[in-house]
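Asks: Below are the sequence and a predicted model; questions follow.
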Amino acid sequence: MSLDTLDAMDRKILAVLLDDARISMAELARTVGLSKTPVAARVRALEAQGLITGYRTMLSPVKLGLTHVAFVEVRMSDTRQAALEQFNTAARTIPEIEECYMIAGGFDYLLKVRTRDIAEYRQVMGERISTLPHVSATSTFVAMEAVFEQKAPDIG
């Protein structure tokens, strides 16, 4: 399943769900102009195909006091598959790592780390991130402002 294979109605359903994942099936049906049963069947099909992977509550990191965002370049001492898997598994256990990407280029991973302040970041970096398996070096870039975050994919 890809964006190219979605019909106009599936795109409409996804757009509404992106805006309000808590909408009832009856309201979703009214919004997209179908009856409840076909809308529910389409949503189930989108879930079964893996296009809809879940529903979640979005919390405001700012309201939770998590205003410090740092991006961390990680260079690995070993990039064989077993070492990468060890790093991946260990990185998932650090709650302050909000996102983790394997990168092709001058470093191996890019992490998005969210903490309350620079002091907490320093502790997380010194005690947990720098001790992840096979980490040889890191570079930190502190975000000054979030222009936008968690932008939904364009479903056309």
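Replies: Nice, I can see it.
Asks: can you pull the pLDDT of the residue nearest to Asp78 when sequence neighbours are not counted?
Replies: Counting by Cβ to Cβ, 6 or more residues apart in numbering, His134 is the residue found nearest to Asp78 once chain neighbours are left out, at 4.6 Å. In this view, the C-beta of every residue, glycine as well, is placed from N, C-alpha and C. If you check His134, the pLDDT there is 98.
Asks: Count the neighbours of His134 for me.
Replies: His134 sits with 18 neighbouring residues when counted by other Cβ atoms under 10 Å.
Asks: ok, now Thr5?
Replies: 9.
Asks: on that earlier part again, the residue nearest to Asp78 against Arg75, yeah?
Replies: No: the pair His134 / Arg75 is not scored as a contact, 9.6 Å apart, by Cβ atoms under 8 Å.
Asks: Go through stretch 52-59 and flag the buried ones.
Replies: Ile52 (16 or more other Cβ atoms under 10 Å).
Asks: any idea where the strands of this structure begin and end?
Replies: 68-76, 97-102, 109-115, 135-142 (DSSP state E).
Asks: Determine which of those strands approaches Ile13 most closely.
Replies: strand 97-102 (27.0 Å; Cβ to Cβ).
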